[in-house]
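>>> Show me the folded form of this:
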Amino acid sequence: MKNRPRIYLDYSATTPIAQPVLNAMLPFFKDEFGNPSSIHIFGQKAEGALENARNTIASFLNCRSDELIFTSGGTESDNLALRGVALARRKNFGANHILISPVEHHAVSKTAQQLAKIFGFELELLEVDSYGLVSPENLRQKIRHDTALVSIIYANNEIGSINPIPECAKICREFSVPFHSDAVQATAYLPLNVNILNVDLLSIGAHKFYGPKGIGALYVKQHTPILPMQTGGGQEWGIRSGTPNIPYIVGLAEAIKFVENYQNEWIEHLQRLRDELISYVLENIPDSQLTGHPTLRLPNHASFVFDGVDSQKLLMLLDLEGFACSSGSACKTGNPLPSDVLLAMGYSPKLALSSLRVTLGKDTTQEQIERFLTSLEKIIAKIRS
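Next comes the predicted model:
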């Protein structure tokens, strides 16, 4: 690897902050440092920046600005959605049943499990097919009038599969059950018009689309019952108290603008590279399988299992060759347990421990993919031998 630049292929874990985003944030660390709750001119400027950012994001999601709650990221947004709505629905209506898919990010699944274990909710898992996709028909079979909340991930972080969110949301609407979707992976590449998606709650996190880490948002449709999980000064309509992180909120809004400007260009570029990568692996590396749907997947996402290969060893050898990939969710890297997502899809524990996730970004090039594939093929042959 001497004198050869490292190649980053883990864009689903995080993305580098874009220069326009950083430029927009910098003044609010030093010159425009006011607290938006203050009455003086410093506070007024901060409040103006806060509301401009809120309006930018609301326009992107096609929602009202007062339906947006700023959070510390996708994980907090998921936590607030599940815990806040479940507890409010039980308090107001006696609803005690929660439905989620078995392929959710841990920010959703662990929160739902805590609600069941500590708070006494009845947690039920929907079924997924071999591609990790939820069936609206199965949702219709399992949803009940005492269901407090349904949560289904929009685009899966480990396998890239895209769920039929509008169809699932329509069923929830028929039963008057709030519907939440984790759209953290989807924001850069998929439509996020909340009225078309028909969702009641939607989570996003800036660092997945060239914004800063530590900032996200939760869309909460007007009149959706939700209890605050963080109390204090009453910021964010009383739902999420705390002094707003103005530099990061500005960065989130600027990252949204960045997505709007370049999304179509990214999709065309990345989908071509992704398809070439997938075709090469399946044609040239024996006993390899694509995980997730072959076409209903994120345009930058390729994921595999390799029979007879340990994913942790594979990742270490790839890193030594200068390639940054993962075995699934970045939150699970280094965890020797098989992926919950792959197990739910029917993979054996042994095969689930052989997974590799390769996710591309706006700066990924043809040459980088060719170099990666050459190294991947040699490394897998070495491991198997």
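>>> Which residue is the nearest non-sequential neighbour of Glu276?
Here the nearest residue to Glu276 in space, its sequence neighbours aside, is Ile369; by Cβ to Cβ, 6 or more residues apart in numbering that works out to 6.5 Å. Using the backbone N, CA and C atoms, a C-beta is placed for each residue, glycine as well.
>>> For the one you found, grab the count of nearby residues.
Neighbouring residues of Ile369 were enumerated by other Cβ atoms under 10 Å; the total is 21.
>>> residues in contact with it?
Applying Cβ atoms under 8 Å, 6 or more residues apart in numbering, one finds that Ile369 lies in contact with 273, 276-277, 360.
>>> all strands of the stretch 51-200 of the chain, in order?
If you assign secondary structure with DSSP state E, counting those that start in this stretch, the strands in the stretch 51-200 of the chain sit at 68-71, 97-100, 122-125, 147-151, 179-182.
>>> Help me confirm that the residue nearest to Glu276 is found in a helix?
Yes. Inclusion of Ile369 in a helix is indicated when DSSP: H, G, I helix; E, B strand; the rest coil is applied.
>>> That one and Leu320, how far apart?
As for Ile369, its distance to Leu320 is 19 Å (criterion: Cβ to Cβ, to the nearest Å).
>>> cool, and Pro16?
When Cβ to Cβ is the yardstick, Pro16 and Leu320 sit 22 Å from each other.
>>> more crowded one of these two?
Each of Pro16 and Leu320 had its neighbours counted (other Cβ under 10 Å), and the higher figure belongs to Pro16 (14 against 11).
>>> wait, the more buried one sits on Tyr210?
Yes. Distance between Pro16 and Tyr210: 6.8 Å, which falls inside the contact criterion (Cβ atoms under 8 Å).
>>> Mind listing the shared neighbours of these two?
Contact criterion Cβ under 8 Å, 6+ apart; no residue bridges Pro16 and Tyr210 by contacting each.
>>> Show me which positions of stretch 55-75 end up buried.
56-58, 60-61, 63, 67-75 (16 or more other Cβ atoms under 10 Å).
>>> Centre of the chain to the helix or strand where Ala49 lies, how far?
Here Ala49 is covered by helix 41-61, with elements defined by DSSP states H and E. Helix 41-61 sits 24 Å away from the centroid of its parent chain (Cα atoms, centre = their mean, to the nearest Å).
>>> got the contact list for it?
With contact meaning Cβ under 8 Å, 6+ apart, helix 41-61 is reached by 28, 32-38, 64-65, 67-68, 70, 192-194, 202, 217, 219, 244, 246, 249-250, 252-253, 256-257, 259-260.
>>> Please spell out the ChimeraX selection for the buried subset of these.
Selecting only the buried members of the contacts of helix 41-61 in ChimeraX, with burial defined as 16+ other Cβ under 10 Å, works like this:
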select :28,32,34,36,67,68,70,192,194,202,217,219,244,246,249,250,252,253,256,257,259
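>>> Need the single longest helix in this structure, by residues.
Among the segments of the chain that qualify as a helix by DSSP state H, the longest is helix 246-284.
>>> In that one, which residues are buried?
So for helix 246-284, counting by 16+ other Cβ under 10 Å, buried means 246-259, 263, 266-267, 269-271, 273-274, 277-278, 280-281.
>>> circling back to that earlier point, what's the closest of the strands of the stretch 51-200 of the chain to Arg6?
Distances from Arg6 to each of the strands of the stretch 51-200 of the chain were compared by Cβ to Cβ, and the smallest falls on strand 179-182, at 29.7 Å.
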